[in-house]
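> Based on what follows, work out the 3D shape:
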Amino acid sequence: MSRRPQVDSRDTRRRLIASAEEEFAQQGYEKASLRRICLRVGVTTGALYFFFNNKEDLFKHVLQPVTRQAIKILDEYRERIEEEGVRNELGSPMGDAETLSEFFDLMYAHRHVVTIILNNEENPSVIAFLEAFKNVISATIRLILYPDSTLVEPYDEFIIDWLAQTEMTTITDILRNDKTRKEAEKHVASALVFTQGGLKALANEQF
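From the prediction side, this is the model:
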């Protein structure tokens, strides 16, 4: 039997990922069924293995388009601070108002993926994303608090880790509790004001 045209293969792969996103969001990783995922698409599990190595590989492909974009948004903010060479008093470890708006727009446009991340924090793919998330926030904190450091590292790692963890907790709490982008708007703005003030005070202590 000949293979389907390439366009059909791409469409089948896309529909499998969409079905898997729904399944993982509803059932969690452990209880998710590859059979149900395939049934919704109208293909066999054998067809699924043509595109993905296993369940974990499929799970990773569901997350990556969103998680990679999320890290990219935050890292671009870090790069802007680094290029400017000065700390941004109107920013936070997550970003300025524009960056935060872009980040939360992405998250609320992909609520199934957010649900998957929040409900599967022990999964290796989620762990890897959260680690990358924390690393970019920590790197931004270092640039804000220690803009003139070179090879010497006068970092207070406790403060950096605490701030990064606090920032992540705030973000996840907003995503978990505020079901719509509009609901999140006020909390995001309040968190930004609070973080701006705290970072400004800490940064001033360094000079």
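
> Which residues does stretch 174-181 contact?
Phe104, Asp105, Met107, Tyr108, Val114, Leu118, Ala184, His187, Val188, Ala191 (CB atoms under 8 Å, 6 or more residues apart in numbering). Yep, even glycine has a C-beta here, placed from its N, CA and C like the rest.

> what do you get for stretch 105-122?
For stretch 105-122, the external contacting residues (CB under 8 Å, 6+ apart) are 21-22, 24-25, 28-29, 62-63, 66-67, 69-70, 73, 126-127, 129-130, 172, 175-176, 180-181, 184.

> one more time with 7 Å, if that's ok
21-22, 24-25, 28-29, 62-63, 66, 69-70, 73, 126, 129, 172, 175-176, 181, 184 (CB atoms under 7 Å, 6 or more residues apart in numbering).

> now, which of those lie within strands?
Using DSSP state E, the subset of the contacts of stretch 105-122 located in strands is empty.

> among those, which ones are buried?
Buried residues within these, counting neighbours by 16 or more other CB atoms under 10 Å: 21-22, 24-25, 29, 62-63, 66, 70, 73, 126, 129, 172, 175, 184.

> so which of these comes closest to Phe52?
Proximity of those to Phe52 (CB to CB) peaks at Val62, which lies at 10.0 Å.

> what helix or strand does Ile137 sit in?
Using DSSP states H and E, Ile137 sits in helix 124-145.

> Next up, the contacts around Val66.
Listed by CB under 7 Å, 6+ apart, the contact partners of Val66 are Leu106, His110, Val113.
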